[in-house]
Each structure stands twice: as structure tokens, then as C-alpha cells.
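**Q** build the 3D model from these lines:
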Amino acid sequence: MSRKIFTGSRIFDGERFHDERALIVSDGRIETIAALNDLPEGERIVLDGGVLSAGFIDAQVNGGGGRMLNDEPSAGSMYIIADGHRRYGTTALLPTLITDTADATKAAIEAAKEAVKTNRGVAGLHLEGPHLAPARKGAHLASLMRPVEDSDVKAFIAAREAIGTLLVTMAAEQVSVKQVRALAEAGVTVSIGHSDCTSEQAEERFDAGARGVTHLFNAMSQMGHRAPGLVGAAIDHPATWCGVIADGHHVDPKALRTALRAKRGEGKLLLVSDAMSLVGSDKDSFTLNGRTVHRESGSFCSKVVLADGTLAGSDVDMASSIRYCTTYLDLTLAEALRMATLYPARFLRLEGYGQLLPGYRADVVHLNDKTEVTAAWISGERK
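**A** This is a model prediction of the structure:
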């Protein structure tokens, strides 16, 4: 048996903190959280204060480490992206292909089938498009957007069976209630996004099994007092999970604080980076569908924009998003950590992820007192 014993740090198990305790990992899994006077034999890892938490889970990662998945939808790209984000505490992510051609989508699916078999931080695949609404295209190419066809449903179901975790973002206008139900029943995680739908259209798809909303507030119908739109439906629907980009650019903190207070039911707000290739890279620009995207400075973190100023994903990492939550959103560190660990695990139905409980994966991150990542482990191995 290979055993590691972590001491010297507070431990956050996903629900609560443990002080003056040790985290014991055996063969890549959490064994227990034990008293310091009752420790077994094993490799000692002594930490200098801070917090041990489950590793962060990011459901929406377009790029990192200088690579965009769209540039080369391969397993190699997925590993580069995962490596680029691991230094910021992300130990499991869904590489995300934004709206592209059918060939690119097929290549991304094949790549994910290979990548999830390794232990390199790729937990599945997110297809954000092409079934989006041109009226809410954001930085996506409207010319490639189209409705969902029955052949797409079959392909997504087959991909989910092969990959394990498949998240698809679709506009409510581009997918029928029947199609949502078929996908949900087959285990595909459906998220509504880039949509100009009514609240009624959204609610019908939530009731049919759509589990989430992609980057709440961004690229969707907004909340009015007589027309609540997708924003209002997502906040009100008790089973719906909402990804949010906490970077100081995508959503005003007042709107996020309001949504956090208003969200009801089991569904919660969870952090996503929506990161582009510049995270974990020294580059200042990249190309997206033939268009140049460049980095601009900001008060909290930098942003990435097209030439016309349109936000094109983000330049934020998950550790920075946690700091944003505790600094600007009035959240405790515990709740901010849940938004990066427990909640995305539940949204994606990733069993054995997101908490430090017996039998769970030993995907662990250490944060110092400034909530900066000092180390990350995947299945108990330092990465």
C-alpha cells in the first residue's frame, strides 16, 4: 500500500474545515481525516499552514498553456490545457470546443475518448456549440450555428457512452424539449446558453432534464420584471446549476451577489473559468476562428477581447476566481471553495470528485494564506 500523510494545514473536506488533523491518502484515494496522535506509517508531507482542499473542477476551459482546443482538437492539446491550469489548482476539467465545424467536433470527441483514459486531469468534454442562437453569439461564429438534428442526438449519446462525461451547451431555440429529454435520459449533461429564449422556453427544457446554464448573465436573455428571460428562469428553477465567470469583467459583482442570494433549490452557482489559451502562458494574443484576440489589463485580472471589444472568453484561473468571490462577493472561503469543487462535481455528476471523503479520488490542492496555490496532487501524485 502506498500511503501519504498530509499535516500542517487546515483541511476543508468540501463541507467543513478540520483543524489540527491529518489527511491520509492510500493508493490514490482518500483514506480518512485523522487525529494527529493516531497516525499510521507512511510518507509525511508537512505543509506550512494554509488550507488543503479537493482539487478544483472546471467545466468550461477553452484553452490554456498557450493552446486552444479549437486550434488542434487532440488529446495532446487537452493535456497541454490541463497542465496549464493545474498550477492554479484545477485537477479536473472539461476541455471545451466552441462553435466549429462538424469535423472539429468529431475530432474533439475522439480526443476526449483517449484523454479520459489517462490520469492527466481531463474529466470529460464540453461542446459549447454549434447549436447556439446567432442573436446571442458572443465571440462565436454565427455562420456555423444550427438547430439540433436527431442525428446529433444519436452522436452525443454515443459520445457520452464512450467518454463518460459529456456537457453540451445549447440554445433553447435550437433544441426541442423532446431532444433535451432524450439526451438527459442517456446521461448527457445539457446546459442552456447563448440563447435569446423566453423564461417559459427555458423552464420547459429544465423540466425535461437540462441541468444547467452556461455562464449566467452572459450571452443570454436578461431578467425583466415581466419577461424574466433565461437569467430569471435559471435563478428561479430549483434544479438548475449556473456556471458563473468571476473575473471582474463578465458580470458586475452586484449582479452576482444578487444571484447568489436569490438562487433557490438544489442547484447552485458554480465557478467556471471560460479560460482561453493565454492562461498559463506568457503570450498576449491568439487567433480564434481567424480573428485576433488580445489581452487587456484590468483592475482585478486581465481580459481577452476581439478587435471590436467583444469579450472572447476569459483570462482568469480558478484560484483567482475564488479570491474574487471572497473579496467582492461577500462569500466565505468555504463557500467559494464549494463553488470550485463540490458544486461542479454535483452538476457534472462526477462520482468520487469534489470532496475529501473516504474512497474519493485524492485530487488535492494546497492554498497558502493568500489563497494562492502552492501544490496540486492528482490521485495522490504531485503534479
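**Q** ranges for the helices of the stretch 51-200 of the chain?
**A** 75-86, 102-115, 150-163, 177-185, 199-208 (DSSP state H, counting those that start in this stretch).
**Q** which of those helices is buried the deepest?
**A** Comparing these by mean neighbour count (mean count of other C-beta atoms under 10 Å), helix 75-86 comes out on top with a mean of 23. Heads up, the C-betas are built off the backbone N, CA and C, glycines and all.
**Q** so which elements touch that one?
**A** Contact here means 3 or more C-beta pairs under 8 Å, 6 or more residues apart in numbering; DSSP states H and E; on that basis helix 75-86 packs against strand 56-61, strand 63-64, strand 67-68, strand 90-98, helix 102-115.
**Q** next, format the ones you listed as TSV and append mean pLDDT.
**A** Below are the helices and strands packed on helix 75-86 laid out as TSV (pLDDT from 0 to 100):
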stretch	mean pLDDT
strand 56-61	98
strand 63-64	97
strand 67-68	96
strand 90-98	98
helix 102-115	98
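**Q** looking at these, which is nearest to residue 338?
**A** strand 56-61 (11.0 Å; C-beta to C-beta).
**Q** contacts for the closest one, please.
**A** 81, 85, 88-96, 123, 126, 128, 167, 214-215, 243, 270-275, 318-319, 322, 340-341, 344-345, 347-348, 350, 353-354, 365 (C-beta atoms under 8 Å, 6 or more residues apart in numbering).
**Q** switch the cut-off to 7 Å
**A** Outside strand 56-61, the residues that touch it by C-beta atoms under 7 Å, 6 or more residues apart in numbering are 81, 85, 89-96, 126, 167, 243, 272-275, 318, 340-341, 344-345, 347-348, 350, 353-354, 365.
**Q** what are the buried residues along that strand?
**A** For strand 56-61, the buried set under the neighbour-count rule, 16 or more other C-beta atoms under 10 Å, comprises 56, 57, 58, 59, 60, 61.
**Q** check stretch 362-379 too.
**A** 362, 363, 364, 365, 366, 367, 371, 373, 375, 376, 377, 378.
**Q** turn these into TSV, columns for distance to residue 250.
**A** Below are these laid out as TSV (distance: C-beta to C-beta, whole Å):
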residue	distance to residue 250
362	32
363	27
364	29
365	24
366	28
367	23
371	20
373	22
375	29
376	25
377	30
378	28
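**Q** still on that earlier bit, okay, the helices and strands packed on helix 75-86 in a markdown table with distance to residue 77 next?
**A** Shown next, in a markdown table, are these (distance: least, C-beta to C-beta, whole Å):
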| stretch | distance to residue 77 |
| --- | --- |
| strand 56-61 | 11 |
| strand 63-64 | 8 |
| strand 67-68 | 5 |
| strand 90-98 | 7 |
| helix 102-115 | 7 |
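**Q** so for residue 138, which of the ones you listed sits nearest?
**A** strand 90-98 (9.1 Å).
**Q** list the helices and strands the closest one packs on?
**A** Using 3 or more C-beta pairs under 7 Å, 6 or more residues apart in numbering; DSSP states H and E, the elements in contact with strand 90-98 are strand 56-61, helix 75-86, helix 102-115, strand 125-128.
**Q** so what's residue 90 up against?
**A** 55, 56, 58, 318.
**Q** how near is it to residue 72?
**A** 20 Å (C-beta to C-beta, to the nearest Å).
**Q** residue 16 - how many residues pack around it?
**A** Residues within reach of residue 16, counting by other C-beta atoms under 10 Å, total 8.
**Q** could you tell me the phi and psi values at the residue lying closest to it once chain neighbours are set aside?
**A** Distances taken as C-beta to C-beta, 6 or more residues apart in numbering place residue 334 nearest to residue 16, at 7.2 Å, with adjacent residues excluded. Phi and psi for residue 334, reported as degrees, to the nearest 10, are phi -60, psi -50.
**Q** can you check the pLDDT for residue 334?
**A** We note a pLDDT of 98 for residue 334 in this prediction.
**Q** pLDDT score for the closest residue to residue 141 other than its chain neighbours?
**A** Using C-beta to C-beta, 6+ apart and skipping the chain neighbours, the partner closest in space to residue 141 is residue 289 (5.2 Å). Residue 289 is assigned 82 on the pLDDT scale.
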